[in-house]
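K.L.:
sequence plus the predicted model coming up.
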Amino acid sequence: MRYAINALFVRWGINAGTETYVTNIVRPWYENQPSGCEFIFYCNQLPPWWAGDRPWFRAVILQRAKRVGWRVFYEQLWLPLVGLSSFDALFAPGYVGSALLTKRQVITVHDAFAWLYPGEIGHLRSLYWRVFIPLSLRSRNSLITVSASTATDLKRLCQIDHHQIHVIHEAGSHLSVMNEGGAILERLGLEAGKYFHCVGFFKKIKNPYTILKAYSAYRATVGNNSANKLVLVGHVGSNVGQEIAEYASKIPGVILAGRLPDASLSDLYRNSAALVFASLYEGFGIPILEAQELGCPVVTSQSSSMPEVAGDGALFVDQNSASEIAIALSKVSEKAEAEALVGRGKLNYEKYSWQKASNMTLDVLRRFKR
C-alpha cells in the first residue's frame with residue numbers, strides 16, 4: 001500500500017509541537033519499512049533527521065509551500081488532483097486535509113484553538129481551519145486527535161461522527177536519550193534543584209502574566225535569598241512574545257533562556273525543581289510527559305487536556321489564580337512533595353509511547369484502500 005504524507009506546514013526548528021509530532025510518528029516508518037508500505041513525504045524543506053531517500057520512502061520538496069498562499073494551493077488543489085493519483089491514502093498531520101477528498105484521508109487535529117482561542121494562532125489561520133477542518137472530515141475520512149479532551153471539543157464544534165475519531169495520545173520520550181552534561185546550567189548561571197522552568201512560554205495561551213505574578217508572590221513569601229529562580233524557555237518571535245519577554249525581564253529571579261536545543265532542554269528538565277505548565281488551554285501537553293520521564297515534578301492546570309495527560313503525577317492548580325500557583329511553587333519545593341510527584345509521574349509516563357502512537361496511526365491508514 002502507498003501513502004502520501006502532507007508535511008508542507010512544518011517549519012523545521014520553529015513548529016515545536018507539531019514538528020515533534022511529525023518526527024515521532026513518521027520517522028519510524030522512514031527508518032524501518034512497515035510491511036507492505038511505501039510513502040511519499042511532501043515538505044517545503046527536508047527535516048533535520050533526513051538521510052536520503054529510501055526504496056520505500058522518498059521526499060518531494062515544494063519550496064513554494066513556505067508561503068501560505070502556495071501551501072493552501074498545494075493542500076487544497078495540487079495534492080488531491082495531481083499528487084495523490086497513485087496513493088491509497090493521504091496522512092495530513094497538521095490540522096487540515098483537502099476538501100476535495102471525501103475519502104482516503106487521515107487528518108490529525110491537535111487542538112481546538114481555531115474555535116476557542118482564535119487570536120492565539122491568528123484570525124486568518126483560524127478562519128482557514130474553521131472552514132477546512134470540517135470540510136476535509138466529510139464522509140469516510142478519519143480524524144486523529146491527541147487527547148480525549150480535544151476529541152470532545154471537536155465533536156461538539158464540528159459535528160463530527162464519533163466513529164470517525166481515533167484518540168491516539170502523544171508521548172515524551174524523544175528527550176530521554178539526550179544529554180549535554182549540564183552545560184546549560186553553567187551557561188545560565190543555575191544550580192541544580194534551585195530553579196523552576198516554563199517551556200514555550202512567550203504566548204498568551206501559556207498564561208505568562210499570571211505565572212509571573214505568582215512567581216513574584218512566591219519570592220515575597222519565601223524570601224529573595226531562598227527563592228528558586230524561574231527559567232523561561234521558548235522562541236520570542238511575535239510582538240506579543242516580545243512584550244511578555246520585556247515584562248518578564250524586569251522581575252528579579254527570572255532568566256530568559258530563549259529557544260533551546262533538545263539536549264539543553266533535556267538537562268534543564270533533569271535538574272529543575274519543577275516544570276510550571278499552568279496554561280490556559282492545551283490540546284495535549286507534551287512537556288508534562290517530558291518532565292515526568294526525566295524525573296521533574298510538574299505543576300499544571302486543571303483545564304482541558306492537562307489532567308488527562310498528567311494523571312495523578314502532577315500538582316494541579318487553578319490556572320487563573322496567581323495565589324494558588326504561588327502556593328504550589330512553595331509546596332513543590334518541599335522534598336517529600338517533590339519526590340512523591342516524581343514517583344507518580346514516572347508511573348504515569350509509562351502509559352505513553354511514541355512507537356505505540358506511530359503504530360496506531362499506521363493502523364488507521366491501513367484501513368484505506370483504493
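P.N.:
Done, it's in.

K.L.:
ok, Val167 - how many residues close by?
P.N.:
Val167 is flanked by 16 other residues according to other C-beta atoms under 10 Å. Quick note: C-beta positions are derived from backbone N, CA and C, even for glycine.

K.L.:
ok, Phe9 next?
P.N.:
21.

K.L.:
helices of the stretch 251-370 of the chain, start to end?
P.N.:
Applying DSSP state H, counting those that start in this stretch to the stretch 251-370 of the chain gives helices spanning 262-271, 286-293, 306-310, 322-332, 335-349, 354-366.

K.L.:
okay, the ones you listed, which one's buried deepest?
P.N.:
Sort the helices of the stretch 251-370 of the chain by mean neighbour count, taking mean count of other C-beta atoms under 10 Å, and helix 286-293 sits at the top with a mean of 28.

K.L.:
residues making contact with it?
P.N.:
With contacts defined as C-beta atoms under 8 Å, 6 or more residues apart in numbering, helix 286-293 is touched by 17, 20, 170-173, 175-176, 199-200, 265, 269, 272, 275, 277, 296-298, 300, 306, 309-310, 313-314, 342, 345-346, 348-349, 352.

K.L.:
in stretch 24-42, what counts as buried?
P.N.:
24-30, 34, 37-42 (16 or more other C-beta atoms under 10 Å).

K.L.:
any idea how far apart the tips of it sit?
P.N.:
Taking C-alpha to C-alpha, to the nearest Å as the measure, stretch 24-42 stretches 16 Å from start to finish.

K.L.:
and what of stretch 131-146?
P.N.:
Per C-alpha to C-alpha, stretch 131-146 runs 21 Å from first to last residue.

K.L.:
mind checking how far it is from the chain centre?
P.N.:
Taking C-alpha atoms, centre = their mean, to the nearest Å, one finds the center of stretch 131-146 at 20 Å from the center of the full chain.

K.L.:
ramachandran angles for the nearest residue to Ala112 once chain neighbours are set aside?
P.N.:
Take Ala112 and drop its neighbours on the chain: the residue closest to it by C-beta to C-beta, 6 or more residues apart in numbering is Asp153, 4.0 Å away. Note on Asp153: its backbone torsions stand at phi -60, psi -50 [degrees, to the nearest 10].

K.L.:
who's in contact with Asp153?
P.N.:
So Asp153 contacts Asp111, Ala112, Trp115, Leu116 (C-beta under 8 Å, 6+ apart).

K.L.:
tell me which element Thr108 falls in.
P.N.:
strand 105-109 (DSSP states H and E).

K.L.:
who does that strand touch, helix- and strand-wise?
P.N.:
Other elements packing on strand 105-109 under the criterion 3 or more C-beta pairs under 8 Å, 6 or more residues apart in numbering; DSSP states H and E are strand 89-92, helix 123-136, strand 142-145, helix 354-366.

K.L.:
could I have that strand exported to CSV, CA atoms only?
P.N.:
These are the backbone C-alpha positions of strand 105-109, laid out as CSV (Å, rounded to 0.1, in the frame of the first residue of the first chain):
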residue,chain,number,x,y,z
GLN,A,105,-7.7,10.9,4.3
VAL,A,106,-6.4,10.6,7.9
ILE,A,107,-6.2,14.1,9.5
THR,A,108,-4.6,14.9,12.9
VAL,A,109,-6.1,17.9,14.7
